[in-house]
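**Q** Quick one: sequence and predicted model below, then my questions.
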Amino acid sequence: MVHAQLLLEDGTLLEGEGCGAPGIRYGEIVFSTGMVGYPESLTDPSYKGHLLTMTYPLMGNYGVPRKDIALHGIPLHFESDRIQVEGFIVSSVTRSNHWASEMELDEWLKTEQIPGIQGIDTRMLVKHIRSGGVMMGALVVGEHMDTEKVLHTLASTSYDSQQFLKQVAPSHTISHEPPTWKKTVIVVDCGIKYGIVRALLSQGFRVIRIPPTADPLTCADKYTAQGVVFGNGPGNPALLTDLIDTARTVIEAGTPALGICLGSQILALADGGSVYKLPYGHRGVNKPVKDLQTQRAFVTTQNHGYAIQEDSLNDFSCTMINIDDGSVEGISHSIHPVLAVQFHPEASPGPTDSRWVFHRFSQLMEGENCDC
């Protein structure tokens, strides 16, 4: 058995059994309430900079799916081409039994040099985070830990002050084409989930992914694109000043645009709004959202630690709220064809209740009034 330790910035120390690769990793400790979907969660670029805790006690039951199981040429059970989390925290890693599995979870973590810890009380850890808020932590697997030195590093390290785009965003343009397509969308890729790309392709869009440093309007002209998508990604949105300026230009140009997760925050900031840090974030596949126009509720997949300050909005208005805490889940521009959602309408993993968001975006690109 390999010894492992998890040290929180407030001095809380948890000891357990190591899994995955040996080493030490620092990150903000967060938790997800999903019972399944660990391959998607582990590969979600929005988790860059995080030590991910799973609340469900058993992880690894269905192993690691094969990447050749794909839709439109994109792996169906992954959100990027590699594990993105800094470390994995679970109650128990199990052996798998599934026809589509090509390796065990522990082997996958080792292959990608990601440390993990099991055998700790994850329920206690989640309750601790819910009480005190997310905090930085250090995961040490198979190595001696100098507690004083690690605590000093934790005290001087902040997730909120780091920029992660260079670690998750592409350096060049990437094109995806379904068998038949009628519209082209430019995706500003800040660490886009494969699920969003698959959903756009399934809607019959040609998808052109560009780096966050590129000009989406120039690219839209080049590819005769009808709309722009600002997707998800990790980190504090307020630090992305250049991207905020880009989003402002897109809004003012009247180009149909859709924001998802980080993209919704960027669009709100471009409107002169502000964002705030949630105490422990919304991460899971069962988050309830209410549409203020229809008064209907639906279940969503979410992964974010920041939210839009509703009373800071100018030309945007709040269209959807989180039923649990009343935070903003959807916004729509009063003048230009722009809408955004804080949740993930592509829903992978999770329910498909919110796929209609892509249809509304398609309506905007057709010039239709969709009452967004």
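**A** Sure, I can see it. Residues are numbered from 1 along each chain as shown.
**Q** Give me the nearest residue to Tyr26, chain neighbours excluded.
**A** Ala138 (5.2 Å; CB to CB, 6 or more residues apart in numbering). All C-beta atoms are positioned from the backbone trio N, CA, C, and that covers glycine.
**Q** Against Ile251, how distant is the one you found?
**A** Distance check for Ala138 against Ile251: by CB to CB, to the nearest Å, it reads 41 Å.
**Q** Among those two, which residue is more densely surrounded?
**A** Neighbours of Ala138 and Ile251, each counted by other CB atoms under 10 Å, are more numerous for Ala138; the result is 25 against 21.
**Q** can you list the weak-confidence ranges in the stretch 201-350 of the chain?
**A** Along the stretch 201-350 of the chain, the model assigns pLDDT under 70 to no residue.
**Q** Tell me where it has strands.
**A** For the stretch 201-350 of the chain, strands defined by DSSP state E, counting those that start in this stretch occupy the ranges 205-210, 227-230, 257-260, 275-291, 297-308, 316-322, 328-333, 338-341.
**Q** Please apply the same query to the stretch 51-200 of the chain.
**A** In the stretch 51-200 of the chain, the strands defined using DSSP E, counting those that start in this stretch lie at 58-59, 64-65, 70-71, 74-75, 87-89, 92-93, 101-103, 115-118, 135-141, 174-176, 183-188.
**Q** Quick one: closest of those strands to Glu28.
**A** Of all the strands of the stretch 51-200 of the chain, it is strand 135-141 that lies closest to Glu28, at 5.7 Å by CB to CB.
**Q** Could you give the average pLDDT over the closest one?
**A** Across strand 135-141, the average pLDDT comes to 98.
**Q** sorry, back to before: distance to Val185 and mean neighbour count for the strands of the stretch 201-350 of the chain - can I get that in a markdown table?
**A** Listed next are those as a markdown table, based on distance: least, CB to CB, whole Å; neighbours: other CB atoms under 10 Å:
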| stretch | distance to Val185 | mean neighbour count |
| --- | --- | --- |
| strand 205-210 | 5 | 24 |
| strand 227-230 | 5 | 28 |
| strand 257-260 | 8 | 28 |
| strand 275-291 | 23 | 19 |
| strand 297-308 | 21 | 22 |
| strand 316-322 | 21 | 21 |
| strand 328-333 | 17 | 25 |
| strand 338-341 | 14 | 28 |
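**Q** any chance of those in a markdown table, with distance to Asp353 too?
**A** Listed next are the strands of the stretch 201-350 of the chain as a markdown table, based on distance: least, CB to CB, whole Å:
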| stretch | distance to Asp353 |
| --- | --- |
| strand 205-210 | 21 |
| strand 227-230 | 20 |
| strand 257-260 | 15 |
| strand 275-291 | 9 |
| strand 297-308 | 4 |
| strand 316-322 | 12 |
| strand 328-333 | 13 |
| strand 338-341 | 12 |
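**Q** of those, which approaches Ser171 most closely?
**A** Each of these was checked against Ser171 via CB to CB, and the shortest separation belongs to strand 205-210, namely 10.5 Å.
**Q** relative orientation of the closest one and strand 183-188 in degrees?
**A** Note on geometry: by axes from the mean of the first three to the mean of the last three CA atoms, to 10 degrees, strand 205-210 and strand 183-188 are set 30 degrees apart in direction.
**Q** what's strand 205-210 in contact with?
**A** Outside of strand 205-210, the residues that reach it under the criterion CB atoms under 8 Å, 6 or more residues apart in numbering are 170, 173-178, 181, 183-189, 192, 197, 200-201, 216, 219, 223, 225, 362.
**Q** Domain map for the protein?
**A** 3-161, 165-365 (automatic domain parsing).
**Q** gap between the two ends of the shortest one?
**A** The straight-line separation of the ends of domain 3-161 (CA to CA, to the nearest Å) is 31 Å.
**Q** distance of the most centrally placed residue in the chain from Glu17?
**A** Nearest to the mean C-alpha position of the chain, by CA atoms, centre = their mean, lies Ser46 at 3.5 Å. In this structure, Ser46 and Glu17 are 28 Å apart, going by CB to CB.
**Q** ok, now Gln265?
**A** As it turns out, when the distance is counted by CB to CB, Gln265 lies 38 Å from Glu17.
**Q** Leu200 now?
**A** Using CB to CB, we find Leu200 at a distance of 41 Å from Glu17.
**Q** Neighbour count: these two, which is higher?
**A** More neighbours sit around Leu200 than around the other of Leu200 and Glu17, counting by other CB under 10 Å; the figures are 28 against 16.
**Q** Now the more buried one. Nearest residue, chain neighbours left out?
**A** Beyond its immediate neighbours in the sequence, the residue positioned closest to Leu200 (CB to CB, 6+ apart) is Val207, lying 5.0 Å away.
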